[in-house]
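> need a 3D model of the following:
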Amino acid sequence: APRLPTARGSDQYSTTAVDATLTLSALGDFDNVTLLKMLCETTPRMIFPNRKIGKLQRGYEASFLVLKHNPLDDLEDLRSIKLRVKNGRMLRQKGKPSQKPDDETANAESKVSSLAIVDCHVLSMTDGKILRNQTVLIEDNAIAQVGSVNEIRYPETTNVIDGSGKYVMPGLVDMHVHIGHESELTSYLLHGVTTVCNLGGDYVDLFSDAEIDVCQLRSRVASGQIMGPRIFSAGQALDGDPRTGPYQRALSGPTAAVEAVLEQKEKGFDFIKLYDALDEPTMQAIIRAALEAELAVIGHIPEKPGVEKTLASGMHLVAHAEEFYPAFEDVDDIDSTARQLAKRVNESGVSVIPNTAFVRRIVAQLEDLPAVLADERVAQLAPRVRRWWTPEYNWYARRDDPAKFLVDMKQRHAWLIPLVRELHKAGVPLLCGTDSAIPGALPGFSMIEEFRDLQLAGLTPLETLQTATINPARFLYQHAATESES
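Modelled structure (predicted):
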């Protein structure tokens, strides 16, 4: 009888495809050769049909393991990894604090711990100048030198990338994401996003109770266990009682607010997030406790305190420019209102994430959700994340008043662009964020849509790039980076 190709996977955060292979081995129906072919050849071919991967042959991708023992004798020896090579580059593997690589492994890794991008053009994010014919030397995961191609010297063992005719710039920062599945991390990297700020706290799937511990995920990325952008994160959004939705934490008052801030500080979150239903005393208690704990406060503008009191509260970052909507209700002169509000925001010292393209994506879903779902990139989302985009669960399409909401969103986007223009003119720090992967925002790709809206608001290409590079870098340096990372 013909055999169907079989791939291996774990579908778990605590186990790997190796664990799944060992489980299959215990059934006794497959020999080790068949299982290794399934794991190393069949699985990558099924996942990446257009890549030459899964064989140690000329012309194939140089991604492989060096093992201490022969796994054909015992599949458990798949864990006896001496070296890992990905796309021709040796990866460092950081173990538990008590674990150290043996001398042979450490020496091999030290030989490839540097990388040189030679004869490239470096784009400065401070003034937009292009430094031509440069070499960027990277050692121990940090930029060691940038200089003329004729001046920079590096060891013969350095990995060299020919940068001729290519441009080098800082990685992008998405200051507003909601991580629903670790598969999203790769999408950010593929689109040049090397840092993200998660504003959803730990993710819990309401259907399956599957959970992402964001602080643990952050550590796994930082240690090199999985590929992904650097992660900063707020804790679960702090809300009033009753709370706005199922993902927020309801607080009964100021005492509960202080307890929540201290809990999130203890767990290791970088920020505290405000949400819609907070009353003024509870909001003020959150901000006082956060400042004492040296945590920046970001998020929504709660409806009860309103715009003015929230701006005066000590909050650091507004997560959406649309949070200023109360200021635009029943006004005739949008430009004048935007100008006065921008001046007030600048005086308060608050930074703003425009997130205007996301409003356009809400409009697109309300007008033609099937067309949005037909985008092949939506199919790449994890099933439990993609479910929230579908007609059955999409919270924009399922509103009681979708027609009225559509009109409201169109009107909101109409004043958002003038507001962002005036915020920029007034000197308010603008930080790019997409709200991915909330329905409508695709991890990584949505940065381009936000860039387009920023340019509609009058920002130059350099100023637009600054909202995703130097501006968030300054914010994170001031409010989140540790002394050792400065």
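> which residues touch F445?
187, 191, 377 (C-beta atoms under 8 Å, 6 or more residues apart in numbering). Backbone N, C-alpha and C define where each C-beta goes, glycine included.
> mind running it again at 7 Å?
Going by C-beta atoms under 7 Å, 6 or more residues apart in numbering, F445 touches 191, 377.
> residues in contact with L476?
Shown in contact with L476 (C-beta under 7 Å, 6+ apart): F232.
> if I look at it, how far off is S351?
11 Å (C-beta to C-beta, to the nearest Å).
> list the buried residues of stretch 375-389.
Going by neighbour count (16 or more other C-beta atoms under 10 Å), the buried part of stretch 375-389 is 378, 381, 385-389.
> any residues touching it, and which ones?
In contact with stretch 375-389 (C-beta under 7 Å, 6+ apart) are residues 180-181, 183, 205, 207-208, 210, 373, 393-394, 437, 439, 442, 445.
> ok, stretch 405-420 next?
321-322, 324-325, 328, 334-335, 338, 341-342, 354, 356, 359-360, 362-363, 366-367, 399, 453-454, 456-457.
> ok now that stretch, how far from the chain's centre?
26 Å (C-alpha atoms, centre = their mean, to the nearest Å).
> pLDDT on that stretch, on average?
Averaged over stretch 405-420, pLDDT sits at 95.
> element containing G147?
strand 142-148 (DSSP states H and E).
> for that strand, packing partners?
strand 130-139 (3 or more C-beta pairs under 7 Å, 6 or more residues apart in numbering; DSSP states H and E).
> for the strand it packs on, what is the average pLDDT?
95.
> check which residues of it are buried.
Quick answer for strand 130-139 (16+ other C-beta under 10 Å): 134-138.
> contacts for it?
Residues contacting strand 130-139 (C-beta under 7 Å, 6+ apart): 113-124, 143-149, 152, 154, 168.
> cool, and stretch 423-434?
Outside stretch 423-434, the residues touching it (C-beta under 7 Å, 6+ apart) are 174-177, 342-343, 345-346, 351-355, 358, 441, 446-447, 450, 457-459, 467-468, 471-472, 475.
> now list the buried members of those residues.
174-177, 342-343, 345-346, 351-355, 358, 441, 446-447, 450, 457, 459, 467-468, 471-472, 475.
> now, which of the residues you listed lie within strands?
174-177, 351-352 (DSSP state E).
> ok, these vs I81, which is closest?
V177 (31.2 Å; C-beta to C-beta).
> for the closest one, give its distance to G192.
Using C-beta to C-beta, we find V177 at a distance of 14 Å from G192.
> pull the CA atoms of the helix or strand where T464 lies into CSV?
Using DSSP H and E, the element containing T464 is helix 461-466. Only the C-alpha atoms of helix 461-466 are listed here, as CSV (Å, rounded to 0.1, in the frame of the first residue of the first chain):
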residue,chain,number,x,y,z
PRO,A,461,10.7,59.1,4.9
LEU,A,462,13.5,59.7,7.4
GLU,A,463,11.0,60.9,10.1
THR,A,464,8.8,57.9,9.3
LEU,A,465,11.7,55.5,9.9
GLN,A,466,12.7,57.3,13.1
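> V318 pairs with what?
As for beta bridges, V318 partners with G299, V352 under DSSP bridges.
> picking that back up, and the helix holding T464, what does it pack onto?
Going by 3+ C-beta pairs under 7 Å, 6+ apart, helix 461-466 lies up against helix 446-456.
> show me which residues of the helix it packs on are buried.
446-447, 449-451, 453-454.
> and what of stretch 210-222?
Applying a neighbour-count criterion of 16+ other C-beta under 10 Å, one finds 210, 212, 214-215, 217-218, 220-221 buried in stretch 210-222.
> ditto for stretch 284-304
Applying 16+ other C-beta under 10 Å to stretch 284-304 flags 284-290, 295-303 as buried.
> tell me the centre residue of this structure?
V196 (3.3 Å; C-alpha atoms, centre = their mean).
> next SSE after the helix or strand bottoming out on mean pLDDT in the chain?
Sorted by mean pLDDT, DSSP states H and E, the helices and strands of the chain end with helix 103-110, the least confident at a mean of 44. Counting by DSSP H and E, the element after helix 103-110 in chain order, helix or strand, is strand 114-123.
> how about I231, phi and psi?
Dihedral angles of I231 (phi, psi; degrees, to the nearest 10) stand at phi -120, psi 130.
> not counting sequence-adjacent ones, nearest residue to it?
Of all residues not flanking I231 in the chain, R218 sits nearest, at 4.1 Å (C-beta to C-beta, 6 or more residues apart in numbering).
> what pLDDT does the one you found get?
With respect to pLDDT, R218 has a value of 94.
> how much space between it and D202?
From R218 to D202 the distance is 11 Å (C-beta to C-beta).
> cool, and E280?
Counting by C-beta to C-beta, the gap from E280 to D202 is 27 Å.
> comparing the two, which shows the higher neighbour count?
In this view E280 and D202 are compared by other C-beta atoms under 10 Å, and D202 has more residues nearby, 19 against 14.
> doesn't A210 make contact with that one?
No. Counting by C-beta atoms under 7 Å, D202 sits too far from A210 to count as a contact (11.2 Å).
> what residues of stretch 250-261 count as buried?
251, 254, 256-258, 260-261.
> and I152, what element?
Going by DSSP H and E, I152 is not in any helix or strand.
> wait, it sits on Q145?
Yes. Contact criterion C-beta under 7 Å: I152 and Q145 qualify, at 5.5 Å.
> greatest separation within the buried residues of helix 446-456: which pair is it?
S446 and L454 (12.6 Å).
> can you give me how far the longest helix along the chain is from the chain middle?
For the chain, the helix with the greatest residue count under DSSP state H is helix 402-426. Relative to the centre of its chain, helix 402-426 is centred 25 Å away, using C-alpha atoms, centre = their mean.
> can you check what angle separates it from helix 446-456?
Relative orientation of helix 402-426 versus helix 446-456 (axes from the mean of the first three to the mean of the last three C-alpha atoms, to 10 degrees): 60 degrees.
> make 42 the starting number, not 1.
Taking 42 as the first residue, the last one we looked at is helix 443-467.
> what ranges in the chain fall below the confidence cut-off?
Scanning the chain for pLDDT under 70 picks out the ranges 42-44, 51-56, 128-154, 247-249, 522-527.
> tell me where the stretch 242-391 of the chain has strands.
Along the stretch 242-391 of the chain, counting by DSSP state E, counting those that start in this stretch, strands occupy 244-245, 252-253, 271-274, 279-280, 290-291, 312-315, 337-340, 358-359.
> and the contacts of the first one?
Which is strand 244-245. 220-221, 252-253.
> for the spatially closest residue to A326 that is not a sequence neighbour, give me its contacts.
Residue nearest to A326 in three dimensions, not counting chain neighbours: P295, with 3.5 Å by C-beta to C-beta, 6+ apart. Contact analysis of P295 by C-beta under 7 Å, 6+ apart lists 322-323, 326.
> so which elements touch the helix or strand where T64 lies?
Assigning secondary structure by DSSP H and E places T64 in helix 58-67. Packing contacts for helix 58-67, counted by 3+ C-beta pairs under 7 Å, 6+ apart, involve helix 73-78.
> show me what counts as buried in the helix it packs on.
Buried residues in helix 73-78, defined by neighbour count with 16+ other C-beta under 10 Å: 73, 76-77.
> ok, and what's touching that helix?
62, 65-66, 112-113, 116.
> a helix runs through A420, doesn't it?
Yes. Assessed by DSSP: H, G, I helix; E, B strand; the rest coil, A420 belongs to a helix.
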